[in-house]
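Participant: Sequence and predicted structure below; questions after.
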Amino acid sequence: MIIANWKCNGSKKMIHDWVKEFKDTYISSNEFYLGIAPSYIHVEHLADLLNFNDLDIKYGVQNIDLSNGARTGAISLDMVHDMECSFSIIGHSEMRNIYGETNENISGKLDLIDKSLDIIFCIGESAEENFNDKTKEVLKNQLMVLNDRYLTKNFTIAYEPVWAIGTGRTPTPEQINEIHNFIKDVVQSSSSSNTVPKVLYGGSVNENNAQSFFNENFVDGALIGGASLNGSSFAKIVNVYNGID
Ligand code: PEP
């Protein structure tokens, strides 16, 4: 599974160029889940271009709000369904840190979505927490929202150390593998379904380092920010995942 997170970037022109660059580089043979989360207002434009170019790429959103109605600036689950999105990212560290997203909010969003969308649930520790050896404790706390939850195949976790996002720094592939194994264990024992979830790695993945992460047993794909903004770079990462390069 590979998901692009375009964050608050993009324009109609950028998307047009992106699709062209992606198509020129992409070697299409994937059986896996490939998705893009553009800004809300570009969802339809992207969807039309993917469709027109016959690209089997799902599209989704970077967040949803807890309800509709008097919530200026928000986007509801109904609106996301209206746009025929396949998935939503939930709990991204930028939502937690800039907009004050809490475990309680996240839990409400997971209840709301249930099985109606695929979910990419983000967790990750800060640089300070990492430095103080608190990574597992922090992740366990973030994973508490999954306690006694019945999880299905629509649910995926993205491990994104905050200090690795957009910095060019990453944990080693071995460290990532160990943390993914830990996450899978915690979720297996705390969810009521005893599910071993897919776990993606996110944080400064690019076309040069992607292979080293994908080689690890417990890495089930990637969530990609910066490097997904260029259609050609993103296609190269997808080709690596495909085992073509
Ligand atoms: C992200 O923020 O989800 C992310 C993975 O960003 P980047 O790839 O730019 O580090």
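Facilitator: Done, it's in.
Participant: Quick check: Ser232 touching Val19?
Facilitator: No. Look at Ser232 against Val19 with Cβ atoms under 8 Å: they stay out of range, at 11.2 Å. Backbone N, C-alpha and C define where each C-beta goes, glycine included.
Participant: So for the helix ranked longest in the chain, mean pLDDT?
Facilitator: For the chain, the helix with the greatest residue count under DSSP state H is helix 173-190. Mean pLDDT, helix 173-190: 98.
Participant: Can you give the distance from the helix or strand following that helix to the centre of its chain?
Facilitator: Downstream of helix 173-190, the first helix or strand assigned by DSSP states H and E is strand 198-202. Its chain's C-alpha centre lies 8 Å from the corresponding centre of strand 198-202 when counted by Cα atoms, centre = their mean, to the nearest Å.
Participant: does strand 198-202 come close to the ligand?
Facilitator: Yes. If you take Cβ under 6 Å from any ligand atom as the test, strand 198-202 does meet the ligand, through Gly202.
Participant: related to what we said a few turns ago, next, the angle from the longest helix of the chain to strand 198-202.
Facilitator: Calculated by axes from the mean of the first three to the mean of the last three Cα atoms, to 10 degrees, helix 173-190 forms an angle of 140 degrees with strand 198-202.
Participant: Identify the residues contacting helix 173-190?
Facilitator: Helix 173-190 has contacts (Cβ atoms under 8 Å, 6 or more residues apart in numbering) with 123, 135-136, 139-140, 143-144, 146-148, 151, 157, 159, 170-171, 194-197, 199, 201, 212-213, 215-220.
Participant: out of the residues you listed, which are buried?
Facilitator: Neighbour counting by 16 or more other Cβ atoms under 10 Å classes 123, 135, 139, 143, 146, 151, 157, 159, 170-171, 195, 197, 199, 201, 212-213, 216, 218-220 among these as buried.
Participant: Just the ones of the residues you listed in strands?
Facilitator: Of the positions in those, 123, 157, 159, 199, 201 sit in strands, assigned by DSSP state E.
Participant: okay, these in JSON lines with pLDDT next?
Facilitator: Formatted as JSON lines, these follow (pLDDT from 0 to 100):
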{"residue": "Ile123", "pLDDT": "98"}
{"residue": "Ile157", "pLDDT": "98"}
{"residue": "Tyr159", "pLDDT": "98"}
{"residue": "Val199", "pLDDT": "98"}
{"residue": "Tyr201", "pLDDT": "98"}
